[in-house]
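Participant: below are the sequence and a predicted model; questions follow.
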Amino acid sequence: NLPANLNVIDSAKLLATAQTLTKSPTATTFVAETVGSPAPLTAARKIDVIYNLPFLAHACMEVLNCTASVTPTSCEIWVPTQGQQFIIPTAQAITGLSADQITVHTTFLGGGFGRKIEADYVAQAINISKAIGKPVKLTWSRKQDFQNDKYRPCSTMRVQAGLDANGGISGLIYRNVSPSISLQRGQVSSANPEDSGAVAGAINLPYAMAARRIEYVPLPTDIPLGYWRSVGESYNTFAVESAIDELALAAGKDGMAFRKTLLTGGDARALGVLTAVETLSGWAKAPATGNARGVAFLKGFGSYIAMVAEVSLDSSKKIKVNKVFVAIDCGIAVNPDSIEAQLQGGIAHGLTAAMWNQVTFAQGKPSVSNFDRYPVLKLRQMPL
């Protein structure tokens, strides 16, 4: 069912509202973490910056599809799914059958990224099969797939941070304003939006700082939302690490050295991956003329990851990512090849999203319907 207020669902209006909420003292706010009484803007050296990230589609190579066969006494389903635990309850609700009358065959997953944890396309196939009394093979078109997605929320993040006399972080106030998946699905209330997923990547940071407050303000929208390859970490890490770089610049320090100073005497695993990627990338030696390097760090999902990207500008002044170096501490590595493949896929997917992808809305209509406006990283563009 389409929202009744399609004509007012507009990305530009949402962004304007979000910008206002980043500075509103009366906004409904979930304080996810607080230590001390941060007052970053009283520092002599400080930053007060806002980062914006867009809605994203999942854009799986394999469009949503499902085959279902419903009879009066059985329901058999073949589906590429990440959410097997939701399929049988969905089938039960539609068919009225008991769980032991329902069989689910999980097929190979031609890309998921969180989209195929949903059961909407499964329910569609089951409903059609039940209605006509015959097996049904449902395959969405690419346009249907793009324009009926459950999108990664957009996010507007304000970061206020100050430096002390020694170049350490004296205080941090971080506020993320974004639509809430949990609120849209009734898992939290608008009066008390305790959405821990919306601040993932901004809380429990290993960096030393005297005081901090991490806040979340929900941004109301009827645009359907869904989980997109880490969700909160995908936007909060970008804002946190960008702010750390801006603080390093304000402190007159190298980005790698600044991060390592903030981790000295603290989290050994975090310091370990940064040190490893520093060596791996040859950070101590200047890159080739015309190239520049950047570093970022993430603690999430039980793993610690540090990454260095070496970039340049091509002949048309567009950013070209030439090399990526990554170090991960994920605990015991049972299958190192699988870990390496996951990192390679994550790099390709992350670069695609960072450099080209966004979905905007005007009068409720998404701006993309195919890959012509939502490109995917090609093999020749993959960094070494």
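Facilitator: Now that the structure is in, tell me what you want to look at.
Participant: tell me where the stretch 1-150 of the chain has strands.
Facilitator: Secondary structure of the stretch 1-150 of the chain (DSSP state E, counting those that start in this stretch): strands at 30-35, 45-53, 65-70, 75-79, 102-106, 136-139.
Participant: what does the stretch 251-384 of the chain give?
Facilitator: 292-300, 303-313, 319-329, 361-362, 365-366.
Participant: which ones are touching the residue positioned nearest the centre of the chain?
Facilitator: With distances taken as CA atoms, centre = their mean, S234 lies nearest the centre of the chain, 2.7 Å away. Contacts for S234 (CB atoms under 8 Å, 6 or more residues apart in numbering) come out as L53, R152, G201, W228, A353. (Each C-beta comes from the backbone N, C-alpha and C, glycine too.)
Participant: next one: A18
Facilitator: So A18 contacts N52, C154, T156, V177, S178, L219 (CB under 8 Å, 6+ apart).
Participant: quick one: it and A353, what's the gap?
Facilitator: Using CB to CB, to the nearest Å, A18 is found at 19 Å from A353.
Participant: give me the low-pLDDT residue ranges for this protein?
Facilitator: For the chain, the stretches with pLDDT under 70 are 1-2.
Participant: nearest to A165, out of the strands of the stretch 1-150 of the chain?
Facilitator: strand 45-53 (9.3 Å; CB to CB).
Participant: elements contacting that closest one?
Facilitator: helix 11-21, strand 155-163, helix 232-251 (3 or more CB pairs under 8 Å, 6 or more residues apart in numbering; DSSP states H and E).
Participant: what comes up buried for that strand?
Facilitator: Residues of strand 45-53 classed as buried by neighbour count (16 or more other CB atoms under 10 Å): K46, I47, I50, Y51, L53.
Participant: contacting residues around that strand?
Facilitator: Residues outside strand 45-53 that contact it (CB under 8 Å, 6+ apart): 15, 18-19, 22, 40-41, 154-163, 234-235, 238-239, 242-243, 246-247, 250-251.
Participant: buried subset of these, written for PyMOL?
Facilitator: Applying 16+ other CB under 10 Å to the contacts of strand 45-53, the buried members can be selected in PyMOL as follows:
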select buried, resi 15+18+22+40+154+155+156+157+158+159+160+161+162+163+234+235+238+239+242+243+247+250+251
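Participant: phi and psi next, for the closest residue to T17 other than its chain neighbours.
Facilitator: In space, and not counting its chain neighbours, T17 is closest to L219: 6.5 Å by CB to CB, 6 or more residues apart in numbering. Main-chain dihedrals, L219, degrees, to the nearest 10: phi -110, psi 110.
Participant: format the CA atom coordinates belonging to stretch 64-76 as CSV.
Facilitator: Only the C-alpha atoms of stretch 64-76 are listed here, as CSV (Å, rounded to 0.1, in the frame of the first residue of the first chain):
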residue,chain,number,x,y,z
LEU,A,64,13.7,-10.3,-5.9
ASN,A,65,12.0,-13.6,-6.8
CYS,A,66,10.2,-16.5,-5.3
THR,A,67,8.5,-19.7,-6.4
ALA,A,68,5.5,-20.9,-4.3
SER,A,69,3.1,-23.8,-4.5
VAL,A,70,0.1,-23.6,-2.3
THR,A,71,-2.5,-26.4,-1.9
PRO,A,72,-5.2,-26.9,0.7
THR,A,73,-2.9,-29.1,2.7
SER,A,74,0.6,-27.8,1.9
CYS,A,75,2.8,-24.8,1.0
GLU,A,76,6.2,-25.3,-0.7
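Participant: hmm, who's touching that stretch?
Facilitator: Here stretch 64-76 has contacts from 77-80, 91, 95, 97, 101-103, 105, 115-116, 121-122, 124-126, 128-130, 133-140, 144-145, using CB under 8 Å, 6+ apart.
Participant: can you do 6 Å?
Facilitator: With CB atoms under 6 Å, 6 or more residues apart in numbering as the contact definition, stretch 64-76 has outside contacts at 77-79, 91, 95, 97, 101-103, 121-122, 125-126, 129-130, 135-140, 145.
Participant: quick one, which of those residues are buried?
Facilitator: Applying 16+ other CB under 10 Å to the contacts of stretch 64-76 flags 77-79, 91, 95, 97, 101-102, 121-122, 125-126, 129-130, 136, 138, 140, 145 as buried.
Participant: need the helices and strands packed on strand 45-53 in JSON lines with distance to G265, can you?
Facilitator: Listed next are the helices and strands packed on strand 45-53 as JSON lines, based on distance: least, CB to CB, whole Å:
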{"stretch": "helix 11-21", "distance to G265": "37"}
{"stretch": "strand 155-163", "distance to G265": "18"}
{"stretch": "helix 232-251", "distance to G265": "18"}
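Participant: tell me which of the ones you listed sits nearest to A309.
Facilitator: helix 232-251 (11.5 Å).
Participant: among the helices and strands packed on strand 45-53, which is nearest V326?
Facilitator: helix 232-251 (13.8 Å).
Participant: what angle sits between the closest one and strand 303-313?
Facilitator: 60 degrees (axes from the mean of the first three to the mean of the last three CA atoms, to 10 degrees).
Participant: alpha carbons of helix 232-251, in CSV - could you do that?
Facilitator: Extracted in CSV, the C-alpha atoms of helix 232-251 (Å, rounded to 0.1, in the frame of the first residue of the first chain):
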residue,chain,number,x,y,z
GLY,A,232,24.1,2.5,11.3
GLU,A,233,27.8,1.9,10.8
SER,A,234,27.4,2.7,7.1
TYR,A,235,26.7,6.4,7.9
ASN,A,236,28.0,7.0,11.4
THR,A,237,31.5,5.7,10.7
PHE,A,238,31.7,8.0,7.8
ALA,A,239,30.8,11.0,10.0
VAL,A,240,33.0,10.0,12.9
GLU,A,241,36.1,9.3,10.8
SER,A,242,35.6,12.4,8.7
ALA,A,243,35.4,14.4,11.9
ILE,A,244,38.6,12.7,13.3
ASP,A,245,40.4,13.8,10.2
GLU,A,246,39.2,17.4,10.6
LEU,A,247,40.3,17.3,14.2
ALA,A,248,43.7,16.0,13.1
LEU,A,249,44.0,18.9,10.6
ALA,A,250,43.0,21.4,13.4
ALA,A,251,45.7,19.8,15.6
